[in-house]
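In: task: produce atomic coordinates for the following.
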Amino acid sequence: MVGASLMTSCGNSMPKEVIPPAKMEKVLYDYHLTLSVSSKLPSSEDYKKQAYKNYLFKKHNITEAQFDSSMVWYTRNSQELSTIYQNLDKRFSREKTKLHTMLQERHLNIATQAGDTVNIWNYYPVYWLTDAPRNNKFAFTMNADSNFWVKDAFRWNADITFLKPGKVTMGLNIRFDNDSVIGKTITLAPGTNTLYIQADTINEIKNINGFIYVSKDSAHHTPNVLISNLSLFKYHKSEEKVTSDTEVQPEKKTKETIKPKEERKARKEPQKLERITTAPSRR
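Out: Next up, the predicted model:
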């Protein structure tokens, strides 16, 4: 009741049709897990994405229209949405720690999915960041496995929602087996952002690592940034899965295509000379 009265006094009264904060937190938790699972589906199974959403709405006894209209209201009331995502971030962090502990105890190595174009993102699809020292960034490192090829390309995607202004930087690096590194950074803007990078040597990839970092934009604002729908696509180029021995093949092919032209030119030259020397005898 106290909370409701405070919201009313601030002009942020919540309509009856809007999902209450406690329930909305549970819905959004399952919603982002659903997005994570759906993003890994091949294009031939797109029909399953709506099935996952339907299950989500049925589980929480709400409709898709009610969820959409509630998100509109929460987006316009950023403080309420900020509180919800701060709680979600803590929950995701706790479960991430538990998962890492389980993996370390079992000594499991999770292999990436095989294929020419696949989403290899195995981390949470949503993060909530501020400029606080312990909550201003997240980073990851993914070791290469047999599904990584020479000269693979990577595209890291993230949707950015600013509830309070701030500067957000995204960086992605590729480390090779000789410990050389190439990397790229971009400053993120509201909406969907993409960072693309391609391995540029014939060295094997050792790992890829990346980060998203929030810095304070001014002395008057504490940035609150929602990072969602994270995905990391890996692209194969079949002609690039080669060893250094094949690098000389184009040169050999070039020589082979030039040689016949030289032979034809050599055959034509004697004919021209013959016509020139025989012309006087005809006169």
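
In: run a quick neighbour tally on residue 223.
Out: 21 (other Cβ atoms under 10 Å). Quick note: C-beta positions are derived from backbone N, CA and C, even for glycine.

In: just the pLDDT for the spatially closest residue to it that is not a sequence neighbour.
Out: Among residues not flanking residue 223 along the chain, residue 166 sits closest, at 2.4 Å (Cβ to Cβ, 6 or more residues apart in numbering). The model reports residue 166 with a pLDDT of 82.

In: use 19 as the first number for this chain going forward.
Out: With 19 as the first residue, the last one maps to residue 184.

In: list phi and psi for residue 184.
Out: phi -180, psi 170 (degrees, to the nearest 10).

In: so it touches residue 149, yeah?
Out: Yes - counting by Cβ atoms under 8 Å, residue 184 does reach residue 149; the two are 6.5 Å apart.

In: overlap of the contact sets of those two?
Out: 232-234, 241 (Cβ atoms under 8 Å, 6 or more residues apart in numbering).

In: where does pLDDT dip in the stretch 119-268 of the chain?
Out: 119-128, 235-239, 256-268 (pLDDT under 70).

In: quick one: residues contacting residue 170.
Out: 216-217, 223, 252-255, 258.

In: ranking those residues by neighbours, who comes first?
Out: Neighbour max across these (other Cβ under 10 Å) = residue 252, 23 neighbours.

In: next up, the contacts around that one.
Out: Per Cβ under 8 Å, 6+ apart, neighbours of residue 252: 130, 135-136, 138, 165-166, 170-172.

In: tell me which helix or strand it sits in.
Out: Element membership of residue 252, judged by DSSP states H and E, is strand 242-253.

In: how far off centre is the helix or strand containing residue 210?
Out: Using DSSP H and E, residue 210 maps to strand 209-216. Here strand 209-216 is found 7 Å from its chain centre; the criterion is Cα atoms, centre = their mean, to the nearest Å.

In: paired strands for it, with orientation please.
Out: strand 171-182 (antiparallel) (DSSP bridges).

In: which secondary structure elements does whatever helix or strand comes next after the partner strand contact?
Out: The helix or strand immediately downstream of strand 171-182 is strand 185-194, counting by DSSP H and E. Strand 185-194 makes packing contacts with strand 171-182, strand 199-205, strand 209-216, strand 223-233 when contacts are defined by 3 or more Cβ pairs under 8 Å, 6 or more residues apart in numbering; DSSP states H and E.

In: return the set of buried residues in strand 185-194.
Out: Buried residues in strand 185-194, counted by 16 or more other Cβ atoms under 10 Å: 186, 188-194.

In: please work out how many residues are found near the residue nearest to residue 241.
Out: Neighbours around residue 184, by other Cβ under 10 Å: 22.

In: and for residue 221?
Out: 17.

In: confirm it sits in a helix?
Out: No - under DSSP: H, G, I helix; E, B strand; the rest coil, residue 221 falls outside any helix and is assigned coil.

In: test my guess that it contacts residue 197.
Out: No - using Cβ under 8 Å, residue 221 makes no contact with residue 197, being 9.7 Å away.

In: from the chain's centroid, how far away is stretch 218-236?
Out: For stretch 218-236, the distance to the chain centre is 12 Å (Cα atoms, centre = their mean).

In: quick one, what contacts residue 75?
Out: 81-82, 85.

In: quick check: residue 41 touching residue 84?
Out: No - here residue 41 lies out of contact with residue 84, judged by Cβ under 8 Å, at a distance of 10.9 Å.

In: with neighbour numbers in mind, choose between the two.
Out: residue 84 (16 against 13).

In: element containing that one?
Out: Per DSSP H and E: helix 82-94 holds residue 84.

In: report the angle between that helix and strand 242-253.
Out: Going by axes from the mean of the first three to the mean of the last three Cα atoms, to 10 degrees, helix 82-94 is angled at 120 degrees with respect to strand 242-253.

In: I'd like the mean pLDDT over helix 82-94, please.
Out: Per-residue scores along helix 82-94 average to 93.

In: can you pull the buried residues of that helix?
Out: Quick answer for helix 82-94 (16+ other Cβ under 10 Å): 84-85, 88-89, 91-92.

In: helices or strands next to that helix in the packing?
Out: Checked by 3+ Cβ pairs under 8 Å, 6+ apart, helix 82-94 has helix 39-57, helix 65-77, helix 96-124 packed alongside it.
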